[in-house]
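**Q** Need coordinates for the following:
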Amino acid sequence: MANTRGVTLVELIVVIAIIGILAVALGFSFEGWVGKYRAESQIKEMSVDLMNTRANAMSRTRVHCVTLAANQYTIREDRDPAPDGDGDCADAGDTAILNRALSADYPITTNIAGNITFSTRGMMSNFGTICSNTSYDADYNCIEVSASRINLGKLTTLITNGGACDSANCIAK
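**A** Numbering: from 1, shown residues only. Have a look, this model is predicted:
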C-alpha cells in the first residue's frame, strides 16, 4: 500500500509557479489602476479648485484669476488697490490664494491663452479646455471651461507627449 499522505515536490513547484504568475499579473494591473486613479484625482481636484474660485469671486465680489502651467496652477484674488481691486490680477499687491503643484507624472496641456479670469458675477474669460497629458485612460481626464460653466469630461483620444488639447476632444460627462 502506497503512502498517499503529503505533497510531492512537483506539485509544490507547480503551485508556487502559478502563484508567482498571478502575482506578476496583478502587479501590472494594480500599477495601471493606480495611474488612472491619480490622473483622475488630479483633474477632479483642479475642477473643484476652479469651481471654488468661481464661487469666491461671486461671494467676495472680487475678480479672481487662474494661471495655468504644465506642472502647476496659481489662483489669485484681485486686492490691489485696496479694498476691492481694479479688475485684474496682475498687480504686485494681488494675493496668490492657492499655488498647487501638479505631479510631473500627470502634466496638463491647455488651449487657453493667458489666465482664466472670473468676474464678480462668476463669468469666465479666456475659456477652453484643460487636458491631462498622460497615457492613462482615466474616466475623467479633461475640464471644459466656458463663459459660465466648468465641466469634467473624458478625452476621445488620449493626449501623450505634449499633444494638442482641443474642446472637440473633451466630451463632457
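
**Q** ok, the lowest-mean-pLDDT helix or strand in the chain: who's next to it in the sheet?
**A** Across the helices and strands of the chain, mean confidence by mean pLDDT, DSSP states H and E is lowest for strand 170-172: a mean of 86. Paired strands of strand 170-172, with direction, are strand 150-155 (antiparallel) (DSSP bridges).

**Q** Just the CA trace of the partner strand, in CSV.
**A** Included here for strand 150-155 are C-alpha records, laid out as CSV according to Å, rounded to 0.1, in the frame of the first residue of the first chain:
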residue,chain,number,x,y,z
ILE,A,150,-16.9,74.2,-15.7
ASN,A,151,-17.5,70.6,-16.9
LEU,A,152,-15.5,67.5,-16.3
GLY,A,153,-15.1,65.2,-19.3
LYS,A,154,-13.3,62.3,-21.0
LEU,A,155,-11.0,62.6,-23.9
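
**Q** Can you report the mean pLDDT over the residues of it?
**A** Across strand 150-155, the average pLDDT comes to 93.

**Q** heads up, I number from 41, so please use that
**A** Sure thing, new numbering starts at 41, so read that last one as strand 190-195.

**Q** Now it: buried residues?
**A** Residues of strand 190-195 classed as buried: Ile190, Asn191, Leu192, Gly193, Lys194, Leu195 (neighbour count, 16 or more other Cβ atoms under 10 Å). Bear in mind the C-beta positions are built from the backbone N, C-alpha and C, glycine included.

**Q** again with stretch 94-110
**A** Residues of stretch 94-110 classed as buried: Arg94, Asn96, Ala97, Met98, Arg102, Val103, His104, Cys105, Val106, Leu108 (neighbour count, 16+ other Cβ under 10 Å).

**Q** pLDDT value on the residue most central in space within the chain, please?
**A** Nearest to the geometric centre of the chain sits Ile83, at 1.9 Å (Cα atoms, centre = their mean). Ile83 carries a pLDDT value of 94.

**Q** Surely it and Glu184 touch.
**A** No: look at Ile83 against Glu184 with Cβ atoms under 8 Å: they stay out of range, at 11.4 Å.

**Q** Distance to Ile148 added to the buried residues of strand 190-195, as CSV?
**A** Below are the buried residues of strand 190-195 laid out as CSV (distance: Cβ to Cβ, whole Å):
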residue, distance to Ile148
Ile190, 15
Asn191, 16
Leu192, 13
Gly193, 14
Lys194, 15
Leu195, 12
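
**Q** can you give me the strands in this protein?
**A** 104-109, 112-117, 135-141, 148-150, 156-158, 164-165, 168-172, 182-185, 190-195, 210-212 (DSSP state E).
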